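>>> Need coordinates for the below:
(one chain, ligands or ions: 1)
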Amino acid sequence: MKAAGFRFLRARCVAEALALKAEHGEDARFIAGGQSLVPALNLRLLEPRALIDIAGLPELTGIRVERGRLVIGALTRHAALTGDPLVAAHAPLLLEALPYVAHAAIRNRGTFGGSIALADPAAEWPACCLALDATMVLTGPHAEGERRVPATEFFRGLYATALGPDDLLLRVEIPCQPAGTRNAALELARRHGDFAIVGVAATASDRELKDARIAFFGVADRPMRFAEVERALAVEGVSAAAEALARQVDPPADLYHSAATKRHLAGVLLRRAVDRLRGAA
Ligand SMILES: Cc1cc2nc3c(=O)[nH]c(=O)nc-3n(C[C@H](O)[C@H](O)[C@H](O)COP(=O)(O)OP(=O)(O)OC[C@H]3O[C@@H](n4cnc5c(N)ncnc54)[C@H](O)[C@@H]3O)c2cc1C
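Okay, the predicted model is just below:
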C-alpha cells in the first residue's frame, strides 16, 4: 500500500516546527527519521494531512557532555552512537544495547529521540533511559520554555509518553556514569534486528549489585523496573530476585508468545544480566 496524500513542510528551527504544528494541529505529525512513521503511513494506520520534517533542526543533533551529564540531541541517529567516545566513556550501556536496535539501514536513518517519542514497549532506548536515570527535555507551543521529565515519569503506557500532541522532544540528558560502572544489555528476539520479545538493560556501580538498576522491556506496556526485584537481588541474591520477578511481572501475550513464556524468558535474562554485571567492569 501507499500512504495517503499529505503536505510536506520542512522546519528550519524549533520555533518554526512548533509554529507549523500549532497552525496544522492534529492534522500534522512531526517526522524525524521516518523509520516508524513511514511504515505506519504506508499501512494507512495514520493519515495525517501534513508532515513537519524536523530532521534538519540543528539544535536537536549531536552528543556532548554538560555539567556532568551526557546530552544526546533527539535527532541524533542511532548509528551516530557507534564508537562515540563520549557515549563510550559516560554511558557505555547504550553501546551494549545499540546492536540490538533494528538493522543497520534503519539505524542509519532512525533517531534516538524518535524511538523515545514513539515509546514502543519492546524498544531498547526507553529501557536504557530508565536504567540510566535519564531526563527528557521537551518543549511545546503552550509551555513556558523547556520542561524536564525524568524517565520514570516520561513513559506512561502503550506508545504513550509525557509528550503532548504538539510537543517536541529536544534532547535526553543522562548522568555521566562513574568509571568502572557495570552494564548489561541483553534481549531475546525471533530474528536479529526484530523488536525484542523480552529484553533487559541494567547497570550497577560494582559487583555487589547493591544499587543495581534493572529495566525490562517487552514485559509490559512500557519499560519497567521492579523495586522488589532489585531489593531481593541486593539482599538475598539472584534466585530471590528471579522469584520476585516471577511474582511481579505480568507480560501481555503476543501472537507468538504466551505470558508464561515471556515471564520465563524475563527470568532467564535476569540471571544472564546478573552474571554479566558481576563478571566484567
Ligand atoms: C523493520 C524495523 C525494525 C525495527 N526494530 C527496532 C528495534 O529492534 N528496536 C527499536 O528501538 N526500534 C526499532 N525500529 C524502529 C526504529 O528504531 C525507529 O527509528 C524509531 O523507532 C523511530 O525513530 P524515527 O527517527 O525513525 O522516528 P519517526 O518514524 O520519524 O517518528 C516516530 C514517531 O515519533 C514522533 N517523533 C519523532 N521524533 C520526535 C521528536 N523529536 N519530538 C516529538 N515527536 C517525535 C513522530 O511524530 C512519530 O509519531 C524498527 C523499525 C523497523 C522499520
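>>> Show me where the protein has its strands.
7-10, 28-31, 50-53, 63-66, 69-73, 135-139, 146-150, 155-157, 160-161, 168-175, 182-188, 198-204, 213-217, 224-225 (DSSP state E).
>>> got a markdown table for these, with mean neighbour count too?
Quick note: C-beta positions are derived from backbone N, CA and C, even for glycine. Formatted as a markdown table, the strands of the chain follow (neighbours: other C-beta atoms under 10 Å):
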| stretch | mean neighbour count |
| --- | --- |
| strand 7-10 | 14 |
| strand 28-31 | 22 |
| strand 50-53 | 20 |
| strand 63-66 | 14 |
| strand 69-73 | 22 |
| strand 135-139 | 21 |
| strand 146-150 | 14 |
| strand 155-157 | 16 |
| strand 160-161 | 16 |
| strand 168-175 | 23 |
| strand 182-188 | 23 |
| strand 198-204 | 28 |
| strand 213-217 | 25 |
| strand 224-225 | 20 |
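>>> is it possible to export the ones you listed to TSV including mean pLDDT and distance to the ligand?
Output for the strands of the chain, formatted as TSV (pLDDT from 0 to 100; distance: least, C-beta to the nearest ligand atom, whole Å):
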stretch	mean pLDDT	distance to the ligand
strand 7-10	96	13
strand 28-31	97	4
strand 50-53	97	8
strand 63-66	98	15
strand 69-73	98	9
strand 135-139	97	8
strand 146-150	96	12
strand 155-157	97	13
strand 160-161	98	9
strand 168-175	98	4
strand 182-188	97	8
strand 198-204	98	9
strand 213-217	98	9
strand 224-225	98	16
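>>> Could you dump those into JSON lines and include distance to residue 117?
Listed next are the strands of the chain as JSON lines, based on distance: least, C-beta to C-beta, whole Å:
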{"stretch": "strand 7-10", "distance to residue 117": "18"}
{"stretch": "strand 28-31", "distance to residue 117": "8"}
{"stretch": "strand 50-53", "distance to residue 117": "13"}
{"stretch": "strand 63-66", "distance to residue 117": "18"}
{"stretch": "strand 69-73", "distance to residue 117": "13"}
{"stretch": "strand 135-139", "distance to residue 117": "9"}
{"stretch": "strand 146-150", "distance to residue 117": "12"}
{"stretch": "strand 155-157", "distance to residue 117": "11"}
{"stretch": "strand 160-161", "distance to residue 117": "7"}
{"stretch": "strand 168-175", "distance to residue 117": "5"}
{"stretch": "strand 182-188", "distance to residue 117": "21"}
{"stretch": "strand 198-204", "distance to residue 117": "18"}
{"stretch": "strand 213-217", "distance to residue 117": "16"}
{"stretch": "strand 224-225", "distance to residue 117": "19"}
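>>> Tell me how far residue 107 lies from the ligand.
7 Å (C-beta to the nearest ligand atom, to the nearest Å).
>>> how about the residues of the stretch 151-281 of the chain near the ligand?
By the rule C-beta under 6 Å from any ligand atom, the part of the stretch 151-281 of the chain lying against the ligand is 163, 168, 169, 193, 195.
>>> Show me what the residue nearest to residue 93 when sequence neighbours are not counted is bridged to.
Closest residue to residue 93 in three dimensions, ignoring its sequence neighbours and counting by C-beta to C-beta, 6 or more residues apart in numbering: residue 183, at 4.0 Å. Beta bridges link residue 183 to residue 203 when assigned by DSSP bridges.
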